[in-house]
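Enquirer: here's a sequence, model it:
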Amino acid sequence: WATYIGGPNYDRAYAIEVGRDGSVTIAGRAGPGFPTTPGTIQPAFAGDLTAGANAAYGKQDGFVARLAPDGSRLLWATYFGGLDSAIIRDVDIDPNGDCYVVSPGNVYASHPHVTTGACDTTHNGGQDAVVAKIRADGVRVIWGTFLGGSGDDGGGPSVRVDPRTGEVVVVGNT
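Expert: A predicted model of the protein is given here:
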């Protein structure tokens, strides 16, 4: 099967994973008007104040979407972003269907999906990646953390989760 997904602006998928149940999860960048579903973690576009620096694409947020195994319907879709163009570069799925996403180069001191008690709740300067675990039904972030030091960190990231131990591995530039 093949299908379209997107809105009226510049949308691009960077990552795709197939879950144990055959559902297909895609993630990437999307502009305003992307077809999100009600009740997800971020059904509305966050605003992206960096659009001037992103002239070729316009305003952008990350997105995550899950399609039925036969491609017949969108199970859920959500934005995942803050005040910058927080695109998602990679996604992985654990045996329970939970999603792990990594967003490179957040430049603002806060991000709406960094959670209390996370590994790193503080933006450390320059650009920091954001890594998060999203519940299988897309209704909440289980945990989200910054990842980076005082410089520009998180470029070109990838994320994988060990299906046996649940350990999360993130690689990227620093």
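Enquirer: average pLDDT across stretch 22-34?
Expert: Mean pLDDT, computed over stretch 22-34, is 96.
Enquirer: in that stretch, what counts as buried?
Expert: S23, V24, T25, I26, A27, G28, R29, A30, G31, P32, F34 (16 or more other Cβ atoms under 10 Å). C-beta: built from backbone N, CA, C; applies to glycine.
Enquirer: and those as TSV, adding distance to V139 and secondary structure?
Expert: Shown next, in TSV, are those (distance: Cβ to Cβ, whole Å; DSSP: H, G, I helix; E, B strand; the rest coil):
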residue	distance to V139	secondary structure
S23	15	coil
V24	19	strand
T25	15	strand
I26	18	strand
A27	16	strand
G28	20	strand
R29	22	strand
A30	19	strand
G31	23	coil
P32	22	coil
F34	18	coil
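Enquirer: and which of those residues is nearest to R164?
Expert: Taking Cβ to Cβ as the measure, R164 lies nearest T25 of the buried residues of stretch 22-34, at 20.1 Å.
Enquirer: mind listing what the helix or strand of the chain with the lowest mean pLDDT pairs with, with the direction of each?
Expert: Using mean pLDDT, DSSP states H and E, strand 99-106 stands out as the lowest-scoring helix or strand of the chain, at a mean of 88. Here strand 99-106 is paired, per DSSP bridges, with strand 90-93 (antiparallel), strand 128-134 (antiparallel).
Enquirer: against L147, how distant is G126?
Expert: Distance of G126 to L147, given as Cβ to Cβ, to the nearest Å: 12 Å.
Enquirer: ditto for G7
Expert: 29 Å.
Enquirer: between these two, which is the more surrounded one?
Expert: Legend: neighbour count by other Cβ atoms under 10 Å for G7 and L147, higher for L147 (22 against 15).
Enquirer: list the contacts of that one.
Expert: By Cβ atoms under 8 Å, 6 or more residues apart in numbering, the contact set of L147 is V102, C119, D120, D128, A129, V130, V131, D153, G154, V170.
Enquirer: ok, of these, which one's closest to G62?
Expert: Using Cβ to Cβ, those come closest to G62 at V130, 8.8 Å.
Enquirer: bridged to the closest one, which residues?
Expert: The partner residues for V130, given DSSP bridges, come to S103, F146.
Enquirer: what about it, how many neighbours?
Expert: V130: 30 surrounding residues under other Cβ under 10 Å.
Enquirer: quick one: the most centrally placed residue in the chain from G33, how far?
Expert: Geometric centre of the chain, nearest residue: I88, 4.1 Å, by Cα atoms, centre = their mean. For I88, the distance to G33 (Cβ to Cβ) stands at 18 Å.
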